[in-house]
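In: Could you look at this predicted model? Sequence included:
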Amino acid sequence: MLNIIIFGPPGAGKGTQSEHIKEKYNLTYISTGQVLRAEMAAGTEIGLKVKDIIDHGGLASDEIVTEIIEKFIVNHSDSNGFLFDGFPRTVKQAEILEDLFKKYNLKLNGVVSLEVPEELLIERMLERGKTSGRADDNIESIHYRFVEYDNKTKPVLDFYQHKNCLHPINGVGTIEEIFDNICETIDSIHNS
Ligand code: AP5
Ligand code: MG
């Protein structure tokens, strides 16, 4: 079994690379951002609760997100391994994920962390915003997503660094080049 977290700031390429990773390693994939956007689109109770916050670039509550993750793990108990995108995003979420892994007898193999300079991230998201329909792909929300990232999400890097499972990857380059580097890392984690 292989359990991987793909980590990185807004626009780093987590979703793009996940498409390839889940295919190659046959992993069960969850993006909390995607799940929350689906909840908003469907107008569910969760969707209504988080819509305003997410549209402005803020983070949803740890309670809502960890409940989504636990349900997902339980519903995919026959999985060959999980790929988490956009989760955990706070130290609290990372601690809860550790508890969930213990509870369901899972082991985290590694955290793949995509590193991309902020100017390039902004460029990518503004470009995507022209067609994505994502309400948070505008310059004001993007700025606030970075504030949230710096204050709440960056500390998660230290959390995993202390556990010796953080693997930084250069997130600048072609999608293929970055994917090759990710695979090299995952293969080395998997075989160690
Ligand atoms: P989420 O959906 O996770 O958004 P994000 O982290 O802001 O990141 P993005 O999805 O925008 O970027 P990405 O890293 O996936 O990059 P992508 O591959 O798309 O979360 C959205 C919101 O939901 C959060 O702000 C928060 O409110 C809420 N939320 C989610 N999870 C939460 C949690 N755990 N707790 C609390 N709240 C939570 O690429 C970006 C663009 O660049 C694309 O257009 C792509 O085509 C392009 N691109 C990708 N790679 C390359 C490349 N190598 N070269 C050129 N272009 C590239
Ligand atoms: Mg994404």
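Out: That came through, no problem. Since the model is a prediction, treat every value here as computed from it, not as a measurement. Ligands and ions are numbered 1, 2, ... in the order given.

In: make it CA atoms for all contacts and neighbour counts henceforth
Out: OK.

In: which bits of the protein sit near ligand 1?
Out: 9-16, 32-34, 54, 57-62, 65, 86-89, 124-125, 128, 145, 172-175 (Cα under 6 Å from any ligand atom).

In: can we see that at 5 Å?
Out: When proximity is defined by Cα under 5 Å from any ligand atom, the chain lies next to ligand 1 at 10-16, 32-33, 54, 57-60, 86-87, 89, 124, 128, 174-175.

In: tell me the pLDDT at residue 191?
Out: Note on residue 191: pLDDT of 73.

In: That one and residue 108: what is the separation?
Out: As defined by Cα to Cα, to the nearest Å, residue 191 lies at a distance of 14 Å from residue 108.

In: Give me the more crowded residue out of those two.
Out: Using other Cα atoms under 10 Å as the criterion, residue 191 and residue 108 rank with residue 108 on top: 16 against 6.

In: What are the phi and psi values at the more buried one?
Out: Torsion angles at residue 108 (phi, psi; degrees, to the nearest 10) stand at phi -80, psi 120.

In: Count the neighbours of the nearest residue to it once chain neighbours are set aside for me.
Out: Leaving aside its sequence neighbours, residue 108 sits nearest to residue 3 (Cα to Cα, 6 or more residues apart in numbering; 5.1 Å). The tally of other residues near residue 3 (other Cα under 10 Å) stands at 19.

In: Which ones among the residues of the chain next to ligand 1 lie within helices?
Out: 14-16, 32-33, 54, 124, 128, 175 (DSSP state H).

In: which pair in those residues spans the largest distance?
Out: Within these, two members stand farthest from each other by Cα to Cα: 54 and 175, at 26.7 Å.

In: the more surrounded of the two?
Out: residue 54 (21 against 13).

In: Run a quick neighbour tally on residue 78.
Out: 9.

In: do you know how far it is from residue 68?
Out: 18 Å.

In: again with residue 123
Out: Counting by Cα to Cα, the gap from residue 123 to residue 68 is 31 Å.
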